[in-house]
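Asks: what's the 3D shape of this:
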Amino acid sequence: MCSIGVSVEELLGHSVSAAEDIILYRETQRLRLLMIASGYYDNEQNFKREILTPKEHMYGSNHWIYLIQEKE
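Replies: Have a look, this model is predicted:
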């Protein structure tokens, strides 16, 4: 598991190949599962949490899913 201080949307928006780069990292490190935990404050200073993992771990494709998207 890794942790970031930005939204998942922002992370994936850094480059066109961000999702593919993360999957490649998981594969080159030979990780069976990679989860990315995000904790950040939105524009209204509300703390939000998101957890992201490649969908292939659950359903067999390389698309991304949001497992948890919580607003406090």
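Asks: who does the residue nearest in space to the middle of the chain bridge with?
Replies: The centroid of the chain falls nearest to residue 52 when counting by CA atoms, centre = their mean (3.4 Å). Under DSSP bridges, the beta-bridge partners of residue 52 are residue 36, residue 66.
Asks: i'd like the first residue to be 21 from this point on
Replies: Done: numbering now begins at 21, and the last item shifts to residue 72.
Asks: for residue 59, see how far away it is.
Replies: Here the criterion is CB to CB, to the nearest Å. By it, residue 72 lies 12 Å from residue 59. Placement of C-beta: from N, CA and C, glycine included.
Asks: all strands for this structure, in order.
Replies: For the chain, strands defined by DSSP state E occupy the ranges 22-24, 56-61, 67-74, 84-91.
Asks: comparing the ones you listed by mean pLDDT, which bottoms out?
Replies: Per-stretch mean pLDDT for these is lowest at strand 84-91 (a mean of 49).
Asks: confidence score at the residue located most distally from the centre of the chain?
Replies: Within the chain, the residue lying farthest from the chain centre (CA atoms, centre = their mean) is residue 64, at 21.8 Å. With respect to pLDDT, residue 64 scores 92.
Asks: done for today, thanks.
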